[in-house]
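Here is the input, now give the coordinates:
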Amino acid sequence: MPKPAVNKNATQHRVQSGETLSVIADRYGVSMQNLIALNGISNPNQMEVDHTLKLRGTPKPAAKPVAAKPAPKPQT
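Numbering: from 1, shown residues only. Below you'll find the predicted structure:
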């Protein structure tokens, strides 16, 4: 039985039992790295069933650490 057609322009995917991140990425023509960044995935080997993944968009940049300002010198 053939698999149902996939909407390559989809913006979300609900993880099904047995799916891996690489299978999902290949199915929608996106990179695993992009899926990881878009969804804040810390362990791509542990996908949660029924989790909805973002497939498109711009990953949020990681917060840049703010340099601490030096303490003002005491006036003498």
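
got the contact list for stretch 37-46?
Here stretch 37-46 makes contact (Cβ atoms under 8 Å, 6 or more residues apart in numbering) with 21, 32, 35-36, 53-57, 59. C-beta coordinates here come from the backbone N, C-alpha and C atoms, glycine included.

Hmm, I typed the wrong one, I wanted stretch 17-35.
Residues contacting stretch 17-35 (Cβ under 8 Å, 6+ apart): 6, 8, 10, 13, 15, 36, 41, 44-45, 47, 49, 53-56, 59.

Drop anything exposed from the residues you listed.
Buried by 16 or more other Cβ atoms under 10 Å: 13, 15, 36, 41, 47, 53-55, out of the contacts of stretch 17-35.

on that earlier part again, pick out the most distant pair among the contacts of stretch 17-35.
Lys8 and Asn45 (25.0 Å; Cβ to Cβ).
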